[in-house]
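# Sequence and predicted structure are below.
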Amino acid sequence: MAKKKGKIRIITLECTEARKEGKPPSRYTTKKNFQTHPERLEKKKYNKFLKRHTVHRELK
């Protein structure tokens, strides 16, 4: 029998501005409760390639 997926899953956040500037995107991992927050997550995180804080969006 297959294991049931839990309420909390690990997601990946990727920078939205790096590819427009031709730099590699920075990625972060975090946890998210899918029952309480089904929409995609957006956070401001530091991008070491651009050397500034940028918006990071959840990958599918």
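Perfect, thanks for sending it.
# which residue is nearest the centroid of the protein?
Closest to where the C-alpha atoms of the chain average out (Cα atoms, centre = their mean) is Leu13, at 1.2 Å.
# Which strand or helix spans that residue?
If you go by DSSP states H and E, Leu13 is part of strand 8-15.
# just to revisit the earlier point, look up how far Arg52 lies from the residue nearest to the centre of the chain.
Distance of Leu13 to Arg52, given as Cβ to Cβ, to the nearest Å: 16 Å. Backbone N, C-alpha and C define where each C-beta goes, glycine included.
# C-alpha coordinates for stretch 28-45, PDB please?
Written as PDB, here are the backbone C-alpha positions of stretch 28-45 (Å, rounded to 0.1, in the frame of the first residue of the first chain):
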ATOM      1  CA  TYR A  28      15.700  27.900  -1.500                       C
ATOM      2  CA  THR A  29      13.700  25.000   0.100                       C
ATOM      3  CA  THR A  30      11.100  25.400   2.800                       C
ATOM      4  CA  LYS A  31       8.000  23.700   4.200                       C
ATOM      5  CA  LYS A  32       4.400  24.500   3.400                       C
ATOM      6  CA  ASN A  33       1.000  23.400   4.700                       C
ATOM      7  CA  PHE A  34      -1.100  22.600   1.600                       C
ATOM      8  CA  GLN A  35      -4.400  22.500   3.400                       C
ATOM      9  CA  THR A  36      -4.200  26.000   4.900                       C
ATOM     10  CA  HIS A  37      -2.300  27.700   2.000                       C
ATOM     11  CA  PRO A  38      -3.100  26.100  -1.400                       C
ATOM     12  CA  GLU A  39      -1.900  29.100  -3.400                       C
ATOM     13  CA  ARG A  40       1.700  29.600  -4.600                       C
ATOM     14  CA  LEU A  41       4.100  31.100  -2.100                       C
ATOM     15  CA  GLU A  42       6.200  34.200  -2.800                       C
ATOM     16  CA  LYS A  43       8.900  35.500  -0.500                       C
ATOM     17  CA  LYS A  44      11.700  38.100  -0.700                       C
ATOM     18  CA  LYS A  45      15.000  36.200  -0.300                       C
END
